[in-house]
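> Pasted the sequence and its predicted model underneath.
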Amino acid sequence: MKEKLLKKIVVLAMALFMLTPVFAVALPVQAVTTGWGEAANNADVNSIGNTIGLGNRDPRAIAASVINVILGFLGIIAVVIILLGGFKWMTGGGNEDKVGEAKKLIIAGVVGLVIILASWGIATFVIDNLLTATGIPPTT
């Protein structure tokens, strides 16, 4: 019973973590109305955007930047896994079990790196074509 409750709590926490950027983007947009419910003029919108430091970038370009950063971190993790496998191999002292475990780590790291590079290529292709189709120059 406690395991199911803990699992539900973890899933809820992960869902809230994933939805935080949505709330962060949606809430400032809703706050751009005046007290009477009328839409604020452009000067007010720009001053609010400058006050809270939003910037003028296109959301698609922001998404491309976020994807690049996330894939960069994943690439670093894959390289660390490869290095860890090499370290285990070097310190294994010829023990077949340790060498086999090290080989599995290196293979997993290389496969992960290939997947990360492929996903980066696909994401870059899709986002650049999306930006070009909508009349915005690509971010690359």
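Thanks, I have the structure now.
> mean confidence for stretch 104-124?
Stretch 104-124 carries an average pLDDT of 93.
> Give the buried residues for that stretch.
Neighbour counts using 16 or more other CB atoms under 10 Å place 105, 106, 109, 112, 113, 116, 120, 123, 124 of stretch 104-124 among the buried residues. In short, each C-beta sits where N, CA and C put it, glycine included.
> Can you give me the domain boundaries for this protein?
Recorded structural domains for the chain (assignment: automatic domain parsing) are 1-56, 57-140.
> With distance to residue 3 and secondary structure as extra columns, can I get the buried residues of stretch 104-124 in CSV?
Shown next, in CSV, are those (distance: CB to CB, whole Å; DSSP: H, G, I helix; E, B strand; the rest coil):
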residue, distance to residue 3, secondary structure
105, 30, helix
106, 35, helix
109, 32, helix
112, 29, helix
113, 35, helix
116, 33, helix
120, 37, helix
123, 36, helix
124, 41, helix
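> Next SSE downstream of the helix or strand bottoming out on mean pLDDT in the chain?
Lowest by mean pLDDT, DSSP states H and E among the helices and strands of the chain is helix 42-52, with a mean of 62. Going down the chain from helix 42-52, the next helix or strand is helix 59-90, by DSSP states H and E.
> Tell me the helices and strands packed up against that next one.
Under the contact definition 3 or more CB pairs under 8 Å, 6 or more residues apart in numbering; DSSP states H and E, helix 59-90 sits against helix 96-133.
> by contact count, what packs against the helix it packs on?
On a contact count with 3+ CB pairs under 8 Å, 6+ apart, helix 96-133 meets helix 59-90.
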